[in-house]
Structure formats: C-alpha cells, structure tokens
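Undergrad: 3D model of this:
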Amino acid sequence: MSPFARALRSALPALGLAAALMWAVSGWTENSSTLSGRVADTRDHPIEQATVTLSGDGVATRRVRSDAEGRYRWAALRPNTVYALTVERDGYRTVEFYGLRPELSRTRVVDFRLKRPGERDVVILAGRDPFPFQDLVRSFMSNVEVPVRLIDLDDDPNPEEAVRRTQAEHPDLIVGAGLRAARLIRREVRTIPSILTLVTDPRQHDLLAPNLCFVAMHIPPDDLVQRIKAILPGARRLGVLFDAETSSRVVRDLRGVARRSGLASEIASVFNPRDLEKSLDTLAGRIDILTVPYDGLTSTPEAVGAVSGWALRHRIPLAAPGPEWVRRGALFSYGVTQAGMGMEAASMAVQMLFQGGQPSDFPRQVPPAAFFAVNHETVEALGVRIPGALKVDQTY
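TA: Numbering: from 1, shown residues only. Just a heads-up that it's a prediction; the model follows:
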C-alpha cells in the first residue's frame, strides 16, 4: 500500500466524524429559528448592557446582554414554540413580551424601546388602507413635544406582533391611522389611551372601547349643507356618490340633514370602482349639485379625475372633500385636510399627556376648521357667486 493510501485510510474515521458533525449542525440549523433585535430608548439611542431574557414552555431560560449598538441575538431556537421575552436595564422600565412564536428556518427581528420612569412617549401605528397617512403624521409630530415613534404596519412583517409589542412597552399614548391599525389596536390594546383616525366611520367596525377616542374625517353634515345653501341657494336636488361598503351611515346622516333643509337627495352607491362612471350617469339630469365623502373609493387619484371630469362635462357643481379635487375642477372643498386632522390629534394628545384628559373626554372629535378651497375657473364657468362672508383658504 502506498504512503498516500495509508494516510487516506487513517484519515477516514476523522473525516467521517467531521462530516457527521457538519450534517448534524446543518440539520439543526435548518430545523431551528434565529431571533435578533435591538434595544433602544424612546429617542432611538441604543441601550448597551440591557439584559434580554428568553423563556418558554419546555425550554431552558437564557439570557444575553445587548452590545454597544443595543443589539442582541439568539440562534438555534425551537420553532413553533411560544416564548416570552423580558428586557431590563437599570434606570429604565422593564418590558415583558409574551407570545413570540419563531418560525422554522427564519430569522425573527424583534426590537424594543425602553423608557425611564416619568418619561412620556407616543407611538403611531399606521397603515395605508386606503388613505395615505404621511401628512397627518408630519402634522402630529410637529405639534407634540415628546418622543414620537412611527410604526408602518404595511412594512412590518408581523403587524399583529408589532401592536402587541407596543402594548408591552406601554407608551403613554397610541395614535392609530387607518382601519387596519384601528382594528388591531381595538383587539390588542386594552389599557393605553389611543386616538384613532383615518377611519371612514367607526360605527361600522366595532371600534368603540373605553380607551379609544377618534378624530373624525368628516365635518358635521349640518356644516356641509349650510355651505351648499350659502353658495347655491337655488339648489333643490343633492346627489351623493359614495363607497357602499364604508360610507352608508355617513350618507344616511347627510340625507337626513339635507331633507330637513329642503334638499331632496339622490344617491349613487358604488361597490366596484369599475362602475364609477355608470353610477354617475344615473344621476345625470336629476341633481343640482354633487358631493362625495372622503372614503376608500373617492380617495384614489383615478376617482378624483373621473368624478371631477364628469361634473365639468355635465356642468354640475361639485362639493368635494379636499383641495386636490378643486385643482381638478371641483367647485369647492368642504372637508378637513390630513394636516388639520394631525393638529387636532396633537391637541388631544397634549391634553391627555399633560392635563389629565381621558379618551372619554373626546368620543368623536371633529377638527374645528374645514379647508375651504375654490376653483375660480369653475366658478366663472358655472356662473356661481361665492359669498364674501365665506373665508376662502385657497383659490385655484
């Protein structure tokens, strides 16, 4: 036997053992989960040497400390096991988070925020369903002088867990923007005061609870009808185009007020955006003015263009919920801007954070001032006169 053959023969047992170990490690890794994350304070500064404790049913308790960047990590966790995490650091309030369930062969990222005793903070939970929330968030943040953190639920891989983790961190106040955020807060948050907004009508979604209050998206229907009567005193027939799934109660309230003010109403409910033009055509020749609420159907750019164009072609004055409609040819806007909703939410937040206010003090808060924009070309084309007593915020 050659020297090479003898060397290979003597090495085979060691090679076999190494291969077996590599296979075992690979198999364990492929059938386990990894957990990592970051611990920071309310202003997103990393917290070093925070103790993160992991425990669960049938597993040993483990502890690690966060590094200089606030990061921690565990590998080879048992998947589909329910774990609990506790995060502690001297000088900060402890956070206990239950119900973490790592998935097979995946890395789970779970970040935590710790705050000092007496420190105030706000978390915004937001989603685009269907309204964009950026203007509202910017307005809110610029009017509240405490740390505010935004969690975009659309970008979070585990939105339900993000809301439960927020509950565990126990911020002083939560702001929910959008229907998805509102539903998750209603289900997962029990004790933290929360302001919900960008929800078309809370009455339709079982969102009422003692810790919840609302910033309304719509002005009172009496205000809209008064504005219509002031600008178009001869109008007798009001048309309403709306999303049948979300705005039926809003429209019912508006029709009741219109009837008491001598305005008959014709409605066009839309279930599918593709039927928008067809629904509008059912109103042709039957109305003196058209209005639309701010809802999932009418908030899309396609709907703004289609409805504004239809109103111009048929020479029908259009009362629209926002100034973007007026830029496209609507006669005037009657609604509240997102910036206005953000300011109102900030005012409520200040009262709850610093003045002892409670959600029950603000069951359904309506921003005090609607944004009144007017399209000058449409005014001239329709021969309408805008009363001088009405303060116009923007002219297009």
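
Undergrad: quick one: secondary structure of residue 210?
TA: Put simply, residue 210 is coil when judged by DSSP: H, G, I helix; E, B strand; the rest coil.

Undergrad: distance check, it against residue 194.
TA: Using C-beta to C-beta, to the nearest Å, one gets 10 Å for the distance from residue 210 to residue 194. The C-beta positions use only the backbone N, C-alpha and C, and glycine is treated the same way.

Undergrad: pick out whichever of these two has more residues nearby.
TA: Neighbours per residue (other C-beta atoms under 10 Å) separate residue 210 from residue 194, with residue 194 holding more: 24 against 11.

Undergrad: average pLDDT across the strand ranked longest in the chain?
TA: Taking DSSP state E as the assignment, the strand of the chain that covers the most residues is strand 33-41. Averaged over strand 33-41, pLDDT sits at 94.

Undergrad: quick one: buried residues of that strand?
TA: By neighbour count on 16 or more other C-beta atoms under 10 Å, the buried set for strand 33-41 is 33-35, 37-41.

Undergrad: show me what that strand is packed up against.
TA: If you count contacts as 3 or more C-beta pairs under 8 Å, 6 or more residues apart in numbering; DSSP states H and E, strand 33-41 packs onto strand 51-56, strand 71-77, strand 107-109, strand 112-114.

Undergrad: which one of these lies nearest to residue 86?
TA: Closest to residue 86 of the helices and strands packed on strand 33-41 is strand 51-56 (C-beta to C-beta; 4.4 Å).

Undergrad: which residues touch that closest one?
TA: With contacts defined as C-beta atoms under 8 Å, 6 or more residues apart in numbering, strand 51-56 is touched by 35, 37, 39, 61-66, 72, 74, 77-78, 81-89.

Undergrad: which residues do residue 210 and residue 194 both contact?
TA: Common neighbours of residue 210 and residue 194, using C-beta under 8 Å, 6+ apart, are residue 359.

Undergrad: now the longest strand of the chain, how far from the chain's geometric center?
TA: On the basis of C-alpha atoms, centre = their mean, to the nearest Å, strand 33-41 is displaced by 24 Å from the centre of the chain it belongs to.

Undergrad: what sits up against it?
TA: 46-47, 50, 52, 54, 66, 69-79, 83, 87, 89, 92, 100, 102-116.

Undergrad: that strand to strand 51-56, inter-axis angle?
TA: Counting by axes from the mean of the first three to the mean of the last three C-alpha atoms, to 10 degrees, strand 33-41 lies at 140 degrees to strand 51-56.

Undergrad: ok, which stretches of the stretch 1-150 of the chain are strands?
TA: 33-41, 51-56, 59-65, 71-77, 83-88, 95-100, 107-109, 112-114, 122-126, 148-152 (DSSP state E, counting those that start in this stretch).

Undergrad: for the stretch 201-350 of the chain, same thing?
TA: 212-214, 237-243, 264-270, 289-291, 318-320, 332-333.

Undergrad: quick one: these as JSON lines, columns for mean neighbour count and mean pLDDT too.
TA: Below are these laid out as JSON lines (neighbours: other C-beta atoms under 10 Å; pLDDT from 0 to 100):
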{"stretch": "strand 212-214", "mean neighbour count": "24", "mean pLDDT": "95"}
{"stretch": "strand 237-243", "mean neighbour count": "23", "mean pLDDT": "97"}
{"stretch": "strand 264-270", "mean neighbour count": "18", "mean pLDDT": "96"}
{"stretch": "strand 289-291", "mean neighbour count": "23", "mean pLDDT": "98"}
{"stretch": "strand 318-320", "mean neighbour count": "26", "mean pLDDT": "97"}
{"stretch": "strand 332-333", "mean neighbour count": "26", "mean pLDDT": "98"}
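
Undergrad: quick one: which of those strands is nearest residue 183?
TA: Evaluated over the strands of the stretch 201-350 of the chain, closeness to residue 183 peaks at strand 212-214, with 11.3 Å, by C-beta to C-beta.

Undergrad: would you point out which residue is most central in this structure?
TA: residue 126 (2.5 Å; C-alpha atoms, centre = their mean).

Undergrad: nice, that's everything, thank you.
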